[in-house]
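# Kindly generate the corresponding structure for this input.
(chains A and B)
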Amino acid sequence: MIEVTHVTKTYGKKQNAFLALDDVSFKIPTGTTVAILGKSGSGKSTLMHAMSGLDRPEKGSVIIDGENILTLKQKAVDAFRASKMSFIFQSFFIQPRETCYDNVSLPLEIAEVPLAERRKKVDAALAAVELSDKKRSRAGDLSGGQKQRLAIARAIVNEPKILFADEPTGNLDSVTGGVVEDFLFNYSKTNNATLIIVTHDPDLAKKCDAQIEIKDGKVSAIRGLQTGAKK
Amino acid sequence: MKITDTIRRAGRSLKQAKARTLLTSLAIGVGAFTITLSLAGGQGGRDYADAIVNSNTDVKELTVTKAVEESAAVAEYVEDGAGTATGPFAAAQGLEYITADDLADIEKIDKVERVTPNYAPSVDYITTEGQKKYQATVSTFSPSVTLTYAAGSVEGDLKNDQIVLTEEYAKALGFENTADAIGKTVSIGVTKLATLYTTQDKKEFNFVVKGVSSASGLAFRSQSSQLVTNDAAKDMYTYINEGTPVFNKFFLVAVEVADASDAESVKQALVDDGYDAQTAADVLGTVNTFINVLLGVLLGFGALAVLTSIFGIINTQYISVLERTQQIGLMKALGMSRRDVGRLFKYEAAWIGFLGGAIGSGVAFIAGTIANPYISDALGLDTISLLIFQPAQFVIIIVGLMLVSVGAGILPARKASKLDPIEALRTE
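Predicted coordinates:
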């Protein structure tokens, strides 16, 4: 369960202050797939950053499994992210000069998973995205769709309970995009993991259990979820 | 992140920028090269000096001169002053003679076994039957001085009618080869100084050749001198100088003590009595001071090269941080702590230092090993190596340079660790 309560984030100071998130509240039950919808600049990415502890809003709380990650120390937030969350980005952010294996192994190294277990998990993750045969290939040699699948393998290798995807299909054509979507939804279903997709694509959003629409830093509509706090 | 994984990732990152890594580490390698060679040269130089001093001096022997006070540099002229150097040479040097009285005094000092004045008779020539006369210098033979013999050899002490010739003189005197000279008789001609302007008294002393010494990298005196016993030298000295004002007055006397451990106490006693005394250790110390100064200069150059390379490392690592902003952002998003990100970049710097140290000292070792025989040959050192490499030095140099590199990597590492992941991952 992720509870977002009265989260407010301001960028800039005084006259130039810009309200990126304005009193945002909602609750996401574990295992739900949620789309955060909004135009660019609406604050949807900021919301994702706040929910993952990358950013620290000045007001409100983000309670994940009973723990407010906004009040945790930096180290604890890092450890929390390493063990429970993962990310998929629009531009993949894979390391093109490293092998696929090394790319996928990174989160496990960060989480200090022992070597033998690491090998098994990397193999399993690569198999899950059907890239087993590319294990020793340079990541930079992969096609766009393969790169995003590699990014998914990296994201799911440590079996996170929460998966953030920031425009996961934004750089892909509809066919490869569809494949990537399937992998994401599949993972969420089989592992009962919460999937949060940040997107401006209404078609992708419709495939999710719930939708949160953001406009000018405020929640303008929520479908399929209960609101976190009373206004 | 585990340290081994961090080290491996750091190494891999460097491998992805091979040219840059190599160039940066070459800069530090120049420093490593200089430092390795100067340390090897210093070690070799000290060992060489040690060998020279050991084979030319006796640990039981002190070299004694008369102490000259600073004020004595401008000394009042005393008519026929006893113990004052006469002649322009002695006066210019500000030296004073050690007289027979002084010798007796020195002999009385506790633990002193023997006092031997340095008889250096200025002989006129050396010759052998049917040969020309050649100018020569004669010194005294000492069993504690190691000689290399081209032919013959002297076991223990030389006899009073025996001489050790140098290789050049053996050839000049017409012997077919050095071995041929052994057992032959040579004559040394001297002139009585006191009668120089009147009767021109001259005399020849005859010696049997006992050995022929060859030039040695270890010999620093007597290399061009023919060697006779102290008594024979004394005989010639007496004949030459008797009747002159400087007769039985010496600049230099050798004092032999009962045991090597007494050298220091005797030296102190001599200094208290107004003499300057040098032990074998003092001589070695003087030579070593010189070597250390030279070594210090070379090390300074090496340190300068390392200092320059520090800026190279800082620069390279800063560029690396900028280039890999997204990678750093991703690692942080995946939960890598600030400390681990900083560590990753520090280890990269350490790798650069390791590479530079290994390349520099490795090349120095190879170059030194190849050059060593040529250097020894050029300086006539025979089997002595002037460059001595010690494994521990390599370890110290490499580890030291790794630490220096990590130091240089601190600032870029800090920049990396402070990077805001949100900024780093912005796609626009």
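# so how far is A:Phe18 from the residue lying closest to A:Arg118 once chain neighbours are set aside?
Among residues not flanking A:Arg118 along the chain, A:Leu108 sits closest, at 4.5 Å (Cβ to Cβ, 6 or more residues apart in numbering or on different chains). The way it works is simple: take the backbone N, C-alpha and C, and place the C-beta from them, glycine included. Distance, A:Leu108 to A:Phe18, by Cβ to Cβ, to the nearest Å: 38 Å.
# immediately after the strand or helix carrying A:Ile212, which helix or strand?
Of the helices and strands defined by DSSP states H and E, A:Ile212 is found in strand A:210-215. Next helix or strand after strand A:210-215 toward the C-terminus (DSSP H and E): strand A:218-223.
# Paired strands for that next one, with orientation please.
strand A:210-215 (antiparallel) (DSSP bridges).
# these two touch, right, A:Ile152 and A:Val129?
Yes: using Cβ atoms under 8 Å, A:Ile152 makes contact with A:Val129 at a distance of 5.2 Å.
# Overlap of the contact sets of the two?
A:Phe183 (Cβ atoms under 8 Å, 6 or more residues apart in numbering or on different chains).
# more crowded one of those two?
Neighbour tally, A:Ile152 and A:Val129, criterion other Cβ atoms under 10 Å in any protein chain shown: the higher count belongs to A:Ile152, 27 against 24.
# What residues does that one make contact with?
Contacts of A:Ile152 by Cβ under 8 Å, 6+ apart are A:Ile88, A:Val129, A:Val180, A:Phe183, A:Leu184, A:Tyr187.
# what about 7 Å?
For A:Ile152, the contact set (Cβ atoms under 7 Å, 6 or more residues apart in numbering or on different chains) comprises A:Ile88, A:Val129, A:Val180, A:Phe183, A:Leu184.
# of all those, which two lie farthest apart?
A:Ile88 and A:Val129 (11.3 Å; Cβ to Cβ).
# what's the spacing between B:Leu355 and chain A?
Here B:Leu355 is placed at a distance of 19 Å from chain A (Cβ to the nearest Cβ, to the nearest Å).
# Secondary structure class of that residue, three-state.
What DSSP: H, G, I helix; E, B strand; the rest coil gives for B:Leu355 is helix.
# mind giving me the domain split of chain B?
Chain B breaks down into these domains under automatic domain parsing: B:3-53+B:286-424, B:60-278.
# Dump those to CSV, plus mean pLDDT and distance to A:Cys100.
As requested, the domains of chain B are exported to CSV (pLDDT from 0 to 100; distance: least, Cβ to Cβ, whole Å):
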stretch, mean pLDDT, distance to A:Cys100
domain B:3-53+B:286-424, 90, 14
domain B:60-278, 79, 63
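# quick one: which of these is nearest A:Thr199?
Per Cβ to Cβ, nearest to A:Thr199 of those: domain B:3-53+B:286-424, 18.3 Å.
# Go through stretch B:116-128 and flag the buried ones.
B:Thr116, B:Pro117, B:Asn118, B:Tyr119, B:Ala120, B:Pro121, B:Val123, B:Asp124, B:Ile126, B:Thr127, B:Thr128 (16 or more other Cβ atoms under 10 Å in any protein chain shown).
# dump the residue contacts of the second one.
B:Pro117 makes contacts with B:Leu103, B:Phe250, B:Val253, as judged by Cβ under 7 Å, 6+ apart.
# which one of the residues you listed is nearest B:Thr63?
Closest approach to B:Thr63 among those (Cβ to Cβ): B:Val253, at 7.9 Å.
# Following element in sequence after the host helix or strand of A:Ala76, please.
Secondary-structure assignment from DSSP H and E places A:Ala76 in helix A:74-84. Following helix A:74-84 in sequence order, the next helix or strand is strand A:85-88 (DSSP H and E).
# Dump the C-alpha coordinates for that following strand into CSV.
Provided in CSV are the C-alpha atoms of strand A:85-88 (Å, rounded to 0.1, in the frame of the first residue of the first chain):
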residue,chain,number,x,y,z
MET,A,85,11.6,-0.3,-5.9
SER,A,86,12.8,0.0,-9.5
PHE,A,87,12.6,2.2,-12.4
ILE,A,88,12.1,2.2,-16.2
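# contacts for the next helix or strand after that strand?
Heading C-terminal from strand A:85-88, the first helix or strand you meet, by DSSP H and E, is helix A:100-110. Residues from elsewhere that reach helix A:100-110, judged by Cβ under 7 Å, 6+ apart: A:82, A:86, A:94-95, A:118, A:121-122, A:125-126, A:131, A:134-137, A:139, A:150, A:153-154, A:157-158, B:1, B:5, B:331, B:334-336.
# Inside strands: which ones of these?
Counted as lying in strands by DSSP state E, out of the contacts of helix A:100-110, are A:Ser86.
# So among the contacts of helix A:100-110, which ones count as buried?
Buried, going by 16+ other Cβ under 10 Å: A:82, A:86, A:94-95, A:118, A:121-122, A:125-126, A:131, A:134, A:139, A:150, A:153-154, A:157-158, B:1, B:5, B:331, B:334-336, out of the contacts of helix A:100-110.
# wait, is A:Lys9 part of a helix?
No: assigned with three-state DSSP, A:Lys9 falls outside any helix and is strand.
# Which residues of chain B lie near chain A?
B:1-2, B:5, B:12, B:16, B:326-327, B:330-331, B:333-337, B:421-422, B:425, B:427 (Cβ under 7 Å from any Cβ of the partner chain).
# 6 Å - rerun?
Among all residues of chain B, those adjacent to chain A (criterion: Cβ under 6 Å from any Cβ of the partner chain) are B:1-2, B:5, B:16, B:326, B:330, B:333-337, B:421-422, B:427.
# Identify the farthest-apart pair in those residues.
Distance extremes for those: the farthest pair is B:Lys2 and B:Thr427 at 30.8 Å, using Cβ to Cβ.
# mind listing the helices in chain B by residue range?
B:3-15, B:18-56, B:88-93, B:100-108, B:167-172, B:178-181, B:230-241, B:263-272, B:280-323, B:325-333, B:338-378, B:391-418, B:421-424 (DSSP state H).
# So A:Leu108 and A:Phe18 - more neighbours on which side?
A:Leu108 (24 against 12).
# pLDDT wise, what is the more buried one at?
pLDDT, A:Leu108: 95.
# Next: the one 10 residues further on.
Per-residue confidence (pLDDT) for A:Arg118: 94.
# Please name the spatially closest residue to whichever residue of chain B sits closest to chain A (chain neighbours excluded).
Relative to chain A, the nearest point of chain B is B:Gly335 (2.7 Å; Cβ to the nearest Cβ). In space, and not counting its chain neighbours, B:Gly335 is closest to A:Ala82: 2.7 Å by Cβ to Cβ, 6+ apart.
# so the one you found touches B:Ser337, yeah?
No: the pair A:Ala82 / B:Ser337 is not scored as a contact, 8.6 Å apart, by Cβ atoms under 6 Å.
# Tell me where chain A has helices.
With DSSP H as the criterion, chain A has helices spanning A:44-51, A:74-84, A:100-110, A:115-128, A:144-156, A:174-191, A:202-206.
# Residues touching the shortest one, excluding its own?
Under the contact criterion Cβ atoms under 6 Å, 6 or more residues apart in numbering or on different chains, helix A:202-206 has outside partners A:Ala35, A:Leu37, A:Thr199, A:Gln211.
# And the furthest pair within the residues you listed?
The farthest-apart pair in the contacts of helix A:202-206, when distances are taken by Cβ to Cβ, is A:Thr199 and A:Gln211, at 9.8 Å.
# Next, count neighbours for B:Leu379.
For B:Leu379, using other Cβ under 10 Å, the count is 12.
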